[in-house]
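Peer 1: mind looking at a prediction? Sequence and model below.
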Amino acid sequence: MVFGLLRIRHSGDKAGCPDGEPMMILQADQLLECFRQCSKIAACKSFSFADRKCELFNASIVPGKGSGCYATGFIT
């Protein structure tokens, strides 16, 4: 089993992100850096990345609501 990133179509907007405020906002230069930050925190289930800003959420993406967020998980 390999730890990876489940990419959900990304449109650049916040549609599909969990409701409410992110649990944490960090500066990040790249999407991969944002993914790594989320994967270090057990409570982080999804994140968005835009304009060097990484928003971490403790809830999963919202299926069928768009694609502004990414989810973390295992890919086999």
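Peer 2: Yes, it's here.

Peer 1: show me what Gln27 is bridged to.
Peer 2: Per DSSP bridges, the residues bridged to Gln27 are Lys53.

Peer 1: what's around it, how many residues?
Peer 2: 10 (other C-beta atoms under 10 Å). Where you see a C-beta, it was placed from the backbone N, CA and C, and this is true even at glycine.

Peer 1: distance of it relative to Cys54?
Peer 2: Separation of Gln27 from Cys54 (C-beta to C-beta, to the nearest Å): 7 Å.

Peer 1: same check, this time on Leu26
Peer 2: Applying C-beta to C-beta to Leu26 and Cys54 gives a distance of 5 Å.

Peer 1: need the residues touching each of these two.
Peer 2: Residues touching both Leu26 and Cys54 (C-beta atoms under 8 Å, 6 or more residues apart in numbering): 34, 37.

Peer 1: looking at the two, which is more packed in?
Peer 2: Cys54 (23 against 16).

Peer 1: so what's Tyr70 scoring on pLDDT?
Peer 2: In the predicted model, Tyr70 carries a pLDDT score of 83.

Peer 1: hang on, I meant Lys53
Peer 2: Lys53 is given a pLDDT of 92.

Peer 1: equivalent analysis for Ile61, please.
Peer 2: pLDDT, Ile61: 80.

Peer 1: please enumerate the strands of the protein.
Peer 2: 2-6, 24-27, 46-50, 53-57, 70-75 (DSSP state E).

Peer 1: the closest residue to Cys44 other than its chain neighbours and Ser48: what is the separation?
Peer 2: Distances taken as C-beta to C-beta, 6 or more residues apart in numbering put Cys38 closest to Cys44, at 4.1 Å, once the chain neighbours are dropped. For Cys38, the distance to Ser48 equals 10 Å [C-beta to C-beta].

Peer 1: overlap in contacts of the two?
Peer 2: Counting by C-beta under 8 Å, 6+ apart, the residues touching both Cys38 and Ser48 are Cys54.

Peer 1: isn't the residue nearest to Cys44 right next to Asn58, touching?
Peer 2: No: Cys38 lies out of contact with Asn58 (C-beta atoms under 8 Å); the separation is 10.1 Å.
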